[in-house]
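**Q** Fold the following.
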Amino acid sequence: MSTLHHHTPTLTVRDPRGLAVRTVAYHRRSVRERPQARITRQVYDARGFLRQQWDPRLFALQAGDPETAPNAKYCYSLAGQVLSTDSVDSGQRSHLLGSGGQVLANWDGQGAWQRQQYDGLLRPVAVFEQAGDEASERCVERLTYAGMSSEYAARNACGRLVRHDDPAGTLLHEHYDTRGYLTEQRRALRQDAQTRHWPEAVAERDAQLQSQAFITTWQYDAMGRVLEQTDAQGNRHLSRYGEDGVLTQSALVLNNGVRKILLHQRIFNALGQVTQERAGNGVISAAQYSPVDGRLQRLTTYREGQVDMPLQDLSYRYDRVGNLLQVSDGAQPTRWASNTQVNPTCTYAYDSLSQLINATGRENARHQDQTALPSNMLFGSTQDDLWRHYTREYEYDAGGNLSVMRHLPSTGTGFTQRMRVGVSSNHALQDSERLGPGLGVGFDHSGNLQALARGQVLSWNLRNQLVAVTQVQRVNGEHDDERYVYDSAGQRILKRRVQRHGSRAHTHEVIYLPGLELHRNHVSGEWRNVVVARVGRATVRVLQWQRNRPAEQEDHALRFSVCDHLGSSTLELDENAALLTQEAFYPFGGTAWRAARNTVEARYRTVRYSGRERDATGLYYYGLRYYAPWLLRWVSADPGGEVDGLNLYAMVGNNPVNLIDVDGSQAHAALQAAALLAIFTLVGFGMGEALGFAEVGAGVGFIAAVVLFVVSGYQYVEQERRAQVGRAAVRRARQAQASGMAKTYAQWLTDDEVAGLAEFFSEQLASVQSAEFAFTIKTSVRGGIYASFGSADEMQRAQQVIDHQPNPGRFLRKLGYSSYTVREPPARRGSGPRPLGGVPETQTHPVTRATSVAHRRAPIAAEQPVAPAAGPSSTLASVLNIDTDAIVNELQAQGGQIIRRVLDDLIQGIRKMASGHLYHAALKTRSFDLPGYRGQTGRGAYRLLVQHQGGRQYRATGILNPHRG
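**A** Sure, this is the predicted structure:
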């Protein structure tokens with residue numbers, strides 16, 4: 001493997017401003033090939049904003065044709081906000097922004113537009129849409145907020161959203177708790193899903209709704225975690241958490257009153273990785289990890305007391321950069337077919353850019369149609385001709401498009417699948433007879449595929465959501481199709497499939513609700529409710545029957561899905577741990593073989609590859625878009641744009657064995673992030689302990705871990721790497737960056753500053769919903785040290801603000817950034833010279849917003865000796881300020897001397913700020929015991945609350961008895 005990567009460095013060319021204008025990666029498939037340079041080009045304007053990007057394929061075309069359009073180009077406003085994008089894959093999109101930065105309108109390349117309406121508080125109140133061929137706009141969403149009445153106050157709803165009319169129907173937020181968490185929700189669907197306009201009058205809107213409403217309720221603990229969810233059929237899902245906030249137990253109380261345990265117990269190692277999990281059916285999943293790098297080495301699933309007879313026993317072998325080379329299932333027997341041994345082992349090989357180029361495994365020997373599922377085998381079958389080995393070879397162009405896939409079985413006839421790729425875009429079609437695809441040819445002008453195959457038309461709405469797939473076309477217009485309806489967040493709420501036989505229309509529909517699916521088959525009369533719960537590594541589905549239950553099926557039957565490292569459902573077990581179904585997959589998601597106890601059990605399996613639902617069309621629904629496993633690519637452009645590379649259709653950078661996509665927007669490494677955080681924290685602790693500062697070392701190690709974890713997301717956004725760049729070089733670069741930052745800060749940050757950063761890192765990681773963000777720690781030219789978090793698109797401007805603005809926090813907020821003052825500049829601290837140098841700039845991690853320190857009376861201050869250290873500043877601030885404005889009365893009353901003792905200990909460093917308990921009801925706040933205060937003994941019931949204001953500035957915010965609230 002190491003020979004393959006010889007002479008394949010990753011090079012970055014930067015302009016005088018430090019902006020990456022070229023990225024060079026070297027590609028080859030084998031050691032016999034000469035490495036080929038693949039160059040990615042970026043163009044920036046005078047302000048440092050990214051204007052154009054070319055991937056290696058289009059960059060090479062540009063050398064012969066200077067008019068070759070870039071993969072993406074951007075236009076910005078004077079304030080630096082993106083006004084328009086032009087992508088060769090997804091077409092043109094323009095935005096009109098208001099003075100508050102709110103989006104007023106959007107236009108796309110098909111002539112469609114969307115308009116948002118806001119109230120005086122800039123809250124969205126309506127959304128209007130109009131297609132290019134429509135005469136007038138339609139209101140597709142209306143939002144209503146509660147006033148200040150006693151009725152709303154009783155529901156804790158004042159000023160909050162109480163009604164949302166969206167494309168699927170109406171969502172009523174009936175009740176909130178005192179912290180603003182939604183506790184009751186009511187969903188009503190439209191009578192006619194094709195109706196697309198919401199009138200202004202409430203009565204007219206109500207007239208469009210079905211009479212039945214679905215109510216879901218939640219209960220939370222003090223940390224905001226869900227303790228209980230009651231679905232629309234009255235099933236209660238109960239969750240319990242450990243001291244570290246991780247789920248440890250889960251149960252279901254069904255609507256018939258029967259309690260079912262879903263998750264008994266979870267055991268973790270010192271790195272926070274799950275080593276053992278016991279499900280409610282007595283099945284144990286045990287994981288073994290490498291003590292060197294924390295990678296998963298073995299994943300075993302067995303019935304309690306039957307460890308020698310596993311249901312699944314997966315062993316993993318990796319190359320040096322972490323790519324899987326082999327997966328073996330020791331629980332599966334070796335088969336013989338045509339005098340050939342068929343082993344339950346899969347092997348993988350990669351090119352120098354970590355793209356999968358070769359895979360082997362076993363498959364159903366009778367499977368021919370790759371768009372359909374293979375025939376179902378029955379457990380215990382002894383037919384020798386059911387199995388065979390296969391080899392799949394993959395070839396990609398310089399843009400990361402899969403161009404050729406060869407399927408080579410050990411017996412029988414194989415096939416070769418070729419994709420015709422657009423000359424100047426990443427659109428691709430399997431039909432080789434067509435002209436080169438592109439916008440308007442095989443795809444619409446927003447980059448959506450128009451047909452799966454001849455006659456199978458795909459229909460899209462103005463939000464680029466798939467709304468219908470025509471499976472059988474008829475001249476009279478009465479087609480067989482499957483239709484979809486989505487809510488305002490883009491999540492599917494309704495699926496309806498219609499099959500016509502003569503004059504009869506057979507309808508099957510599924511309604512998706514929180515933790516519940518309602519399946520209605522109007523042909524067979526089967527009505528079943530499926531309770532869905534994700535608990536640990538398993539997904540549990542409970543089948544509850546309302547009508548026409550098959551004789552072979554029990555009511556309230558539990559189905560436990562056992563998953564592999566990618567989350568694919570490989571086994572299904574009942575509540576007695578009996579095997580129901582089993583399935584294995586090709587690398588890009590097709591089903592290689594499947595088996596079941598009987599055909600009835602196989603019929604009710606819907607969750608397959610990557611833990612996603614497979615529709616009757618063969619498409620997998622991921623949440624934001626659909627994936628076609630036989631095409632090995634997405635059927636629409638990435639809704640997030642270039643967050644996952646310049647190729648908007650490639651599946652996880654063509655590395656589907658090691659990467660997963662959670663929602664259809666971006667690739668993530670499987671089973672990696674949590675381990676990295678723990679590993680680096682422990683490494684940092686060990687380094688710090690050797691120097692006598694164990695806590696500081698742990699904090700710095702945590703910073704490095706977070707940087708390594710989040711930088712990966714930022715680097716995806718920046719297009720520094722992806723399909724064009726070898727993952728080995730990427731990881732080395734990220735490790736060097738994280739390690740360098742940790743070493744730098746370990747030399748000159750105080751323990752309080754490191755603890756403060758680590759605390760804010762934790763707070764922001766918990767709130768991050770997207771990888772489209774960036775974090776920077778930077779020393780300004782005035783000597784201040786600032787951390788900021790926000791959109792990756794604004795990273796360059798955020799760094800410029802920190803460099804040139806005396807009060808960067810205010811200007812960063814205008815960019816949508818949160819900021820945190822690690823250390824005030826010397827002019828504000830009143831001590832120490834300006835720093836001699838800066839900090840490496842692009843370190844990414846979210847931090848909460850800092851509060852500027854106002855002039856306050858009589859702060860308590862004391863000198864805290866700090867040893868001189870090398871680094872950006874030769875003298876550290878020696879004053880710790882705690883403002884006592886808010887507790888003046890308590891200081892002057894009885895017991896004030898107790899408060900002063902605690903404050904003095906904090907100021908003099910006798911007690912560290914990091915030793916306080918995190919107070920989660922307020923940001924950046926810790927609590928400290930007040931022994932003896934108001935007659936309490938021991939550690940004391942009362943605590944002093946201290947909030948970090950930035951740098952060495954703190955504020956005492958109050959006295960709290962947490963036992964009384």
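**Q** where does the stretch 351-500 of the chain have low pLDDT?
**A** 381-385, 432-435 (pLDDT under 70).
**Q** where does the strand ranked longest in the chain sit relative to the chain's centre, distance-wise?
**A** Of all the elements of type strand in the chain, the one with the most residues (DSSP state E) is strand 209-220. Between the centre of strand 209-220 and the centre of its chain there are 27 Å (C-alpha atoms, centre = their mean, to the nearest Å).
**Q** Just the residues contacting it, thanks.
**A** Residues from elsewhere that reach strand 209-220 (C-beta atoms under 8 Å, 6 or more residues apart in numbering): 169-170, 172, 174, 177, 179, 181-191, 226-232, 511, 513-516. C-beta: built from backbone N, CA, C; applies to glycine.
**Q** Return the list of strands paired to that strand, each annotated with direction.
**A** Within its sheet, strand 209-220 is paired with strand 182-190 (antiparallel), strand 226-230 (antiparallel), according to DSSP bridges.
**Q** And the buried ones among the contacts of strand 209-220, selectable in PyMOL?
**A** The following PyMOL line selects those of those that are buried, judged by 16 or more other C-beta atoms under 10 Å:
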select buried, resi 169+170+172+174+182+183+184+185+186+187+188+189+190+229+230+231+232+511+513+514+515+516
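**Q** ok, which stretches of the stretch 501-650 of the chain are helices?
**A** For the stretch 501-650 of the chain, applying DSSP state H, counting those that start in this stretch gives helices covering 599-603.
**Q** what about Ala595, how many neighbours?
**A** If you count neighbours by other C-beta atoms under 10 Å, Ala595 ends up with 19.
**Q** cool, the one 3 residues further on as well?
**A** A count of neighbours around Asn598, defined by other C-beta under 10 Å, yields 13.
**Q** and the gap between it and Thr570?
**A** As judged by C-beta to C-beta, to the nearest Å, Asn598 and Thr570 stand 19 Å apart.
**Q** Quick check: closest non-adjacent residue to Leu373.
**A** Thr591 (5.3 Å; C-beta to C-beta, 6 or more residues apart in numbering).
**Q** wait, what's in contact with the one you found?
**A** Contacts of Thr591 were listed using C-beta under 8 Å, 6+ apart, and they are 373-374, 583-585, 608-609.
**Q** and of those residues, the nearest to Gly109?
**A** Nearest to Gly109 among those: Tyr609, at 31.7 Å, using C-beta to C-beta.
**Q** Name the nearest residue to the closest one, sequence neighbours excluded.
**A** For Tyr609, ignoring the flanking residues on the chain, the nearest one in space by C-beta to C-beta, 6+ apart is Gly589 at 4.2 Å.
**Q** From what I see, that neighbour and Tyr620 are in contact.
**A** Yes: using C-beta atoms under 8 Å, Gly589 is in contact with Tyr620, at 6.7 Å.
**Q** can you tell me the helix or strand for Val31?
**A** Assigned by DSSP states H and E, Val31 falls within no helix or strand.
**Q** I'd say it and Thr8 touch.
**A** No: the criterion here is C-beta under 8 Å, and Val31 misses it with Thr8 at 10.7 Å.
**Q** between these two, which one's more packed in?
**A** Ranked by neighbour count (other C-beta under 10 Å), Val31 and Thr8 place Thr8 first, with 19 against 12.
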